[in-house]
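J.: based on what follows, work out the 3D shape:
(2 chains)
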Number of protein chains: 2
Amino acid sequence: MKHINIKTNSGESNIYLGEKLENLSKYLPQNKKVVIITDENILKLYSSQLQDFTIIQMGLGEKNKTIHSVEQIYGELIRKEVDRSGFIVGIGGGIVCDVAGFVASTYMRGISFGFVSTTLLSQVDASIGGKNGVNIKGYKNMVGVFAQPEFVICDITMLKTLDQKEFISGFAEIIKTAAIRSILLFDFLKKNSSGALNHDYNILEHIIFESAIIKAQVVQNDEKEAGERRILNFGHTFAHSIEKNFGILHGEAVAIGMVIATKISVKLGLLENNVAEEIKQLLINYHLPVDLNFNKNDIFNALLKDKKREGEKINLVLLKEIGNAIVQKVSVNQMEDIVNDLC
Amino acid sequence: MKHINIKTNSGESNIYLGEKLENLSKYLPQNKKVVIITDENILKLYSSQLQDFTIIQMGLGEKNKTIHSVEQIYGELIRKEVDRSGFIVGIGGGIVCDVAGFVASTYMRGISFGFVSTTLLSQVDASIGGKNGVNIKGYKNMVGVFAQPEFVICDITMLKTLDQKEFISGFAEIIKTAAIRSILLFDFLKKNSSGALNHDYNILEHIIFESAIIKAQVVQNDEKEAGERRILNFGHTFAHSIEKNFGILHGEAVAIGMVIATKISVKLGLLENNVAEEIKQLLINYHLPVDLNFNKNDIFNALLKDKKREGEKINLVLLKEIGNAIVQKVSVNQMEDIVNDLC
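T.: Numbers count the residues shown, from 1 in each chain, chains lettered A, B, ... in the order given. A predicted model of the protein is given here:
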């Protein structure tokens, strides 16, 4: 088992990579009412390990990452008489953890919580860093707070039960992490795509650990995304609008978003074209989508709603080389030209 | 004008007592999109001073302090393309400020905000201290976060336009503050009830300043209510259940709650009976209610949902003398006996 510790202003978080769901109780506080928030898929697969817990079930998928779900869970917590001393555990992927984290950080102005992260995407990204939140009118993560889970258990064996499409989409965030911060991870991913896709435990453990520790370092330096943390949004400005408009998985949208972001990096003279092609090829090797027919207006309008926008400027994450990302302010007008040109 | 500065972990807040609504612009950031959240009453009375601002109107009264209102405002903010660099101003009483503060602290994971506090209750209590939130299923403030407004403008002249019942209810929190922390304020309130109730500016300014500075000190020492801040809940454990069950104003419920809390203090041998009577008399002098026919079961059940509950114990704020409050853990069973005995 590998352990990563993150210390930030909003609290401390411990990530246990390679720990097992069945050991969850070891991490729970004594003498507190513990409530698990999870979804139907997890309950079906792991009912025997969860039977002794108080459980709140939420709906499946991104369409349930809403204020409505949050409100229903608040009601359940009141009904179960959970007070300030209560403890919430989110068990699931990014959607469950985002909702559970937001509920825990706002219920009674914040109670303690932890995660069991069950998807590749959440093990390398969503469950690390203390961002949580829900969508509003389909716009991604428009509402949330920063609050650190006390623990994150990443049970790698649980990834075997993932839907293949879901599993594959997790590699998009891993490739993103390599692209912005680590040529070593990028090379490892190139050499080990077949092992990784075939659930080789050691290869997966290595990849998840490297991705998680890079994210943890970035978050520790800049929890509230005033500077460095912004690079984690590489590909995301486009991904959010693609995800909203085409209803594909987050990781799939991030893959396409990265292709667009590298194209812009080349166009602005920051990145060599062959490096952009190398990134695209790695995405293809991991069976990720790299193209899509866009409706320019939809994409552009969604960009205007992006959280990273500041007035008439959008903060765009661009690449100079593999492992070296920069944040550049691009005007809304310039953005419109770029979208017109690329799509 | 008087100025109070509060520094806490979640930020810094500046309270300007005696400042005027018409000077609001002086406190607003340059080059940021400013959105005002307020209600119908304020818009009717002060439309000329607000005509140049972008405004989101919320419904009147406690029944609109809900997740539903919050969600509607999120939608409006998206529609108005408010981004992370936006700034929200809540103009109104406790309800508007609680909702506006919660919206601002969660929209895009938190944008900056300030308040213009227009009721006596919010000037001495609700707008100070960084607590915000909404009710869930009628249970008070079950959801929220801690976040400090950048500024709070307390315009005393606006109190003249308050409904008399609303104005009077503000004195409950002032009497509470005196009861738990300041015999001097308590004596001043005794001597000046007629002037205060007749809107004597100097008397009101003195009372509001004393109350606000006591609250500011307590909050600065213990923002997240791990200890000292709990004394501010004197009378509130009961008030919340009374308010939920009888639909009276918050201040009115606090007055009755304080009478119950002093009775318990006497019963437990902490407080002299004549001091309890003195507090009751002061509440009567300010035309506040001190009695109500309770349904014991309703009160007791609501107590079980109280945020200050920790497992089988409730943190009850009791008085030893005027200006000297203590927090005592009372078991749920003992609480049931007390409610049965008093009601």
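
J.: could you use CA atoms for every contact and neighbour count after this?
T.: Will do.

J.: next to chain B, which bits of the stretch 1-150 of chain A? Give me the list.
T.: Taking Cα under 8 Å from any Cα of the partner chain as the contact definition, the stretch 1-150 of chain A meets chain B at A:32-33, A:67, A:71, A:74-75, A:78, A:81, A:83-85, A:105-110, A:133, A:136-137, A:141-146.

J.: run the last query once more with 7 Å
T.: Residues of the stretch 1-150 of chain A lying near chain B by Cα under 7 Å from any Cα of the partner chain: A:75, A:78, A:81, A:83-85, A:106-110, A:136, A:142-146.

J.: which among those residues end up buried?
T.: Applying 16 or more other Cα atoms under 10 Å in any protein chain shown to the residues of the stretch 1-150 of chain A next to chain B, the neighbour count classes A:78, A:81, A:83-85, A:106-110, A:136, A:142-146 as buried.

J.: just the ones of those in helices?
T.: Mapping these onto helices (DSSP state H) picks out A:Ile78, A:Thr106.

J.: contacting residues around the residue most central in space within chain A?
T.: Note on chain A: the residue nearest the mean C-alpha position is A:Ala126, at 3.0 Å, using Cα atoms, centre = their mean. For A:Ala126, the contacting residues are A:Gly94, by Cα atoms under 7 Å, 6 or more residues apart in numbering or on different chains.

J.: can you check A:Asn340 too?
T.: Here A:Asn340 is in contact with A:Lys296 (criterion: Cα under 7 Å, 6+ apart).

J.: let's verify it: helix, strand, or coil?
T.: Recorded secondary structure, A:Asn340: helix (DSSP: H, G, I helix; E, B strand; the rest coil).

J.: strands of the stretch 51-200 of chain A, residue ranges please.
T.: Along the stretch 51-200 of chain A, counting by DSSP state E, counting those that start in this stretch, strands occupy A:54-58, A:87-92, A:112-117, A:134-136, A:139-143, A:151-154.

J.: strands paired with the third one, and their directions?
T.: Partners of strand A:112-117 in the sheet, by DSSP bridges, are strand A:87-92 (parallel), strand A:151-154 (parallel).

J.: can you check the shortest one too?
T.: Taking DSSP bridges as the criterion, strand A:134-136 pairs within the sheet with strand A:139-143 (antiparallel).

J.: tell me who's in contact with the residue of the stretch 151-300 of chain A at minimum distance from chain B.
T.: Chain B sits closest to A:Lys224 of the stretch 151-300 of chain A, with a gap of 8.9 Å, by Cα to the nearest Cα. Not one residue lies near A:Lys224 by Cα under 7 Å, 6+ apart.

J.: and the residue of the stretch 201-343 of chain A closest to chain B?
T.: A:Glu310 (5.4 Å).

J.: now do the contacts for that residue.
T.: B:Asp83, B:Arg84, B:Ser85.

J.: among those residues, which are in reach of chain A?
T.: Within the contacts of A:Glu310, those near chain A by Cα under 7 Å from any Cα are B:Asp83, B:Arg84, B:Ser85.

J.: can you put those in a markdown table and add pLDDT?
T.: Below are these laid out as a markdown table (pLDDT from 0 to 100):
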| residue | pLDDT |
| --- | --- |
| B:Asp83 | 91 |
| B:Arg84 | 90 |
| B:Ser85 | 91 |
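
J.: for chain A, what spans make up the helices?
T.: Assigned by DSSP H, chain A shows helices spanning A:40-50, A:67-79, A:94-106, A:120-121, A:164-181, A:183-191, A:193-197, A:201-221, A:236-246, A:250-267, A:273-285, A:296-304, A:332-342.

J.: for A:Glu150, which of those is the nearest?
T.: Taking Cα to Cα, helix A:94-106 is the member of the helices of chain A nearest to A:Glu150, at 10.7 Å.

J.: by contact count, what packs against that closest one?
T.: Here helix A:94-106 is seen to pack against strand A:87-92, strand A:112-117 when contacts are counted using 3 or more Cα pairs under 7 Å, 6 or more residues apart in numbering or on different chains; DSSP states H and E.

J.: looking at those, which is buried most?
T.: Using mean count of other Cα atoms under 10 Å in any protein chain shown, the stretch among these with the largest mean neighbour count is strand A:112-117, at a mean of 27.

J.: how distant is that strand from the center of its chain?
T.: How far strand A:112-117 lies from its chain's middle: 15 Å, per Cα atoms, centre = their mean, to the nearest Å.

J.: now it: mean pLDDT?
T.: Strand A:112-117 shows a mean pLDDT of 98.

J.: can you tell me the closest non-neighbouring residue to A:Ser182?
T.: Spatial nearest neighbour of A:Ser182, chain neighbours left out: A:Gly323 (4.5 Å); criterion: Cα to Cα, 6 or more residues apart in numbering or on different chains.

J.: neighbours of that neighbour, how many?
T.: Using other Cα atoms under 10 Å in any protein chain shown, A:Gly323 has 17 other residues around it.

J.: I'd say it and A:Ile175 touch.
T.: No: assessed by Cα atoms under 7 Å, A:Gly323 is found out of contact with A:Ile175, at 10.5 Å.

J.: any stretches of the stretch 51-200 of chain A with poor pLDDT?
T.: Counting by pLDDT under 70, the stretch 51-200 of chain A shows no low-confidence range.

J.: how far away is the residue nearest to A:Asn285 when sequence neighbours are not counted from A:Phe171?
T.: Ranked by Cα to Cα, 6+ apart and with sequence neighbours excluded, the top spatial neighbour of A:Asn285 is A:Ser193, at 6.9 Å. Taking Cα to Cα, to the nearest Å as the measure, A:Ser193 falls 10 Å from A:Phe171.

J.: who's more crowded, these two?
T.: It is A:Phe171, of A:Ser193 and A:Phe171, that has more neighbours when counted by other Cα under 10 Å, with 28 against 16.

J.: quick one: the more buried one and A:Arg230, what's the gap?
T.: 20 Å.

J.: what does A:Ile284 give?
T.: 25 Å.

J.: A:Arg84 contacts A:Tyr107, correct?
T.: No: contact criterion Cα under 7 Å: A:Arg84 and A:Tyr107 do not qualify, at 8.3 Å.

J.: what pLDDT does the model give the residue nearest to A:Ser182?
T.: Predicted confidence (pLDDT) for A:Gly323: 96.

J.: repeat that for A:Gly251.
T.: Here the pLDDT value assigned to A:Gly251 is 95.

J.: likewise for A:Lys307?
T.: Here, the pLDDT recorded for A:Lys307 equals 65.

J.: picking up where we left off before, so which of the buried ones among the residues of the stretch 1-150 of chain A next to chain B comes closest to A:Val219?
T.: Nearest to A:Val219 out of those is A:Phe146 (Cα to Cα; 11.0 Å).

J.: surely the closest one meets A:Gly130?
T.: Yes: between A:Phe146 and A:Gly130 there is a contact under Cα under 7 Å: 5.2 Å.
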